[in-house]
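**Q** okay, structure incoming, though there's no sequence with it:
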């Protein structure tokens, strides 16, 4: 059977595709036929109140939960059949920073590099690169316990990028941030998209400033 050329083009450029995703918990429907097509290098915001199914959608796409029905592909791989391939290409960052507060920012990133199986020198180089990129050079050797909320959030996202994922999932990235830190966070997200990273974020609020991505 010949495939429609338009469909082939969409498949080639989409970072995330989903069709008919459905999920229920104890006979309570959470998702009822979710369809998605998110281009590579774009920012996609899933907006909705608590209990709307945002986290469930992310967990399915990140291979942490199986859908009851429907299909999904992330970074070109089926989330059910090719879990390991999907996991190598994504990063998932929750609402609260998953950092070791007793370590410095630099030590946290080096540790993440080693967990990503980078050689010691490469992990150190990657940590230094991300520290500079996220404006944390002056705090690189301070313990994370001394960081502000905005600094922790930036370090958390930096940690999620150590392995160079092509798709990053961010759950409520601006939670607990002051207006200036929130603006910085949106700038970071826009910069990631401009570099070709696909950003899928969930939020219960609308930003007062639009996120612009590269054309």
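**A** Received the coordinates, thanks. Model, not experiment: these values are computed from the prediction.
**Q** how about the nearest residue to residue 160, chain neighbours excluded?
**A** Leaving aside its chain neighbours, residue 160 sits nearest to residue 91 (3.9 Å; criterion: Cβ to Cβ, 6 or more residues apart in numbering). Every C-beta, even on glycine, is put in place using the N, C-alpha and C of the backbone.
**Q** next up, the contacts around the one you found.
**A** 160-161, 163, 165, 167-169 (Cβ atoms under 8 Å, 6 or more residues apart in numbering).
**Q** per-residue pLDDT, it?
**A** Residue 91 carries a pLDDT score of 91 in this model.
**Q** could you shift the numbering so residue one becomes 54, and keep it that way?
**A** Renumbered: residue one is now 54, and that last one reads residue 144.
**Q** how about the longest helix belonging to the chain: buried residues?
**A** If you go by DSSP state H, the chain has its longest helix at helix 232-247. By 16 or more other Cβ atoms under 10 Å, the buried positions in helix 232-247 come out as 234-239, 241-243, 245-246.
**Q** and the two most separated of the contacts of residue 144?
**A** Spatially, the most separated pair among the contacts of residue 144 is 216 and 222, at 13.7 Å (Cβ to Cβ).
**Q** comparing those two, which residue is more hemmed in?
**A** Per other Cβ atoms under 10 Å, whichever of residue 216 and residue 222 has more neighbours is residue 222, with 24 against 17.
**Q** hmm, back to that, from the contacts of residue 144, which land in strands?
**A** Under the assignment DSSP state E, these contribute 220-222 to strands.
**Q** one step back: most neighbours of all the contacts of residue 144, which one?
**A** Ranked by neighbour count (other Cβ under 10 Å), these have residue 222 at the top, with 24 neighbours.
**Q** distance of that residue from residue 109?
**A** Distance, residue 222 to residue 109, by Cβ to Cβ, to the nearest Å: 13 Å.
**Q** give the contact list for residue 91.
**A** Neighbouring residues of residue 91 by Cβ under 8 Å, 6+ apart: 67-70, 97, 251, 253.
**Q** noted, bye for now.
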